[in-house]
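**Student:** Predicted structure and sequence below. I'll ask about it afterward.
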Amino acid sequence: MNLTFKELRDIKHALPTGSISRIASELNVDEQTVRNYFGAKKYAEGDIADIQVEPGPDGGIVHLEDTRILDLARQIIEASHQQEVSSN
């Protein structure tokens with residue numbers, strides 16, 4: 001899957017508080033691995049994310065081999081939005 005680095009960071013910033021921990025727990029990975037997936041570079045503290053970034057607009061094009069973290073992040077965001085709508 002391809003998206004821009006900006007799109008990937010926007011998804012990370014749209015996550016509700018505590019989502020990094022939740023994603024890590026549900027996928028049985030280290031929290032820093034999830035952060036690395038969204039653009040952090042602390043590889044000594046977490047696994048290298050399975051992404052490749054090519055130069056380009058909006059921070060470049062990110063190619064994701066494994067989309068499990070992205071898919072779960074999108075589900076969390078969607079559930080959060082639905083909860084906001086139903087509470088209003």
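**Tutor:** In hand now; what should we look at?

**Student:** Flag the shaky bits of this structure, pLDDT-wise.
**Tutor:** 42-52, 88 (pLDDT under 70).

**Student:** what ranges do the strands span in it?
**Tutor:** Here the chain has its strands, by DSSP state E, at 2-4, 51-54, 61-64.

**Student:** partners of the first one in the sheet?
**Tutor:** The one in question is strand 2-4. Applying DSSP bridges, strand 2-4 is found paired with strand 61-64 (antiparallel).

**Student:** buried set for the partner strand?
**Tutor:** Using 16 or more other CB atoms under 10 Å as the test for burial, strand 61-64 gives 61-62, 64. Bear in mind the C-beta positions are built from the backbone N, C-alpha and C, glycine included.

**Student:** and which of the residues you listed is nearest residue 24?
**Tutor:** Nearest to residue 24, judged by CB to CB, of these is residue 64 at 17.0 Å.

**Student:** Check what contacts stretch 76-88 and list those residues.
**Tutor:** Stretch 76-88 has contacts (CB atoms under 8 Å, 6 or more residues apart in numbering) with 11, 14-16, 19, 22-23.
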